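Engineer: Predicted model follows, preceded by the sequence.
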Amino acid sequence: LKTLEWVRRRESLCVCGPSGTGKSHFTEALGQTAVEAGMTVAWFTIEDLGALVRRHRADDSIARALARIIRSDLIIVDDIGLLPVSPDAAEGFYRLVDAAYERRALAVSSNLHPSGFDEIMPKTLATATVDRLMHHAHIVVTQGDSFRLAQATSGQGVKPFS
């Protein structure tokens, strides 16, 4: 994945697993590697996409907004599945995945495997989103305990006051 060949081929990457196992750090590192290779990167949370839909609904300019976003070589959507997804966020995520499909590389990080997105989005929308997202996707499943929780419970979370 670090070679970024998948970005050049306009494929997807799904990084999924429990909280605290490095999913966001991993996608951020790949994004940084892409920037250092001269590529453009856009980063969003799923709720950012909901706000985008709301902002552009009034003048029906969502297609233009998405066209600007998919000019990026790599689009990252972080932290899917942490919170319930609003209808606008589900719509924005679907619209982004659909617009990027076979045109741009898309990386997502999620506490849920994409096959479980129908737990947080309407089933019809989740099915259409996952269908496009997974067609040309690499899947990375993280495992283990939260590194943050492990540090906190071992006394490494904070430094004592002097």
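Structural biologist: That came through fine. Numbering: from 1, shown residues only.
Engineer: number of nearby residues for the closest residue to residue 42 other than its chain neighbours?
Structural biologist: Spatially, and ignoring its direct neighbours in sequence, residue 42 is nearest to residue 72 (4.1 Å; Cβ to Cβ, 6 or more residues apart in numbering). Using the backbone N, CA and C atoms, a C-beta is placed for each residue, glycine as well. When neighbours are counted by other Cβ atoms under 10 Å, residue 72 registers 19.
Engineer: How about the contacts made by residue 72?
Structural biologist: 39-42, 104 (Cβ atoms under 8 Å, 6 or more residues apart in numbering).
Engineer: Out of those residues, which is nearest to residue 120?
Structural biologist: Checking the contacts of residue 72 against residue 120 by Cβ to Cβ gives residue 42 as the nearest, at 21.8 Å.
Engineer: In this protein, where is pLDDT below threshold?
Structural biologist: Low-confidence segments of the chain (pLDDT under 70): 146-155, 157-158.
Engineer: picking up where we left off before, now a ChimeraX select for only the buried ones of the contacts of residue 72.
Structural biologist: Buried residues within the contacts of residue 72, by 16 or more other Cβ atoms under 10 Å, are selected in ChimeraX with:
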select :39,41,42,104
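Engineer: which ones among the contacts of residue 72 are found in strands?
Structural biologist: 41-42 (DSSP state E).
Engineer: I'd like the contacts of residue 72 as JSON lines, with distance to residue 156 appended.
Structural biologist: Shown next, in JSON lines, are the contacts of residue 72 (distance: Cβ to Cβ, whole Å):
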{"residue": "39", "distance to residue 156": "35"}
{"residue": "40", "distance to residue 156": "37"}
{"residue": "41", "distance to residue 156": "31"}
{"residue": "42", "distance to residue 156": "34"}
{"residue": "104", "distance to residue 156": "39"}
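Engineer: Closest one to residue 161 out of the contacts of residue 72, please.
Structural biologist: Proximity of the contacts of residue 72 to residue 161 was ranked by Cβ to Cβ; the top entry is residue 41 with 39.0 Å.
Engineer: quick one: contacts for the closest one?
Structural biologist: Per Cβ under 8 Å, 6+ apart, neighbours of residue 41: 31, 34-35, 72-76.
Engineer: the helices in this protein, which residues?
Structural biologist: 5-8, 23-36, 46-57, 62-69, 87-100, 123-135, 147-153 (DSSP state H).
Engineer: among these, which is the most enclosed?
Structural biologist: Ranked by mean neighbour count, the helices of the chain are led by helix 87-100 with a mean of 21 (mean count of other Cβ atoms under 10 Å).
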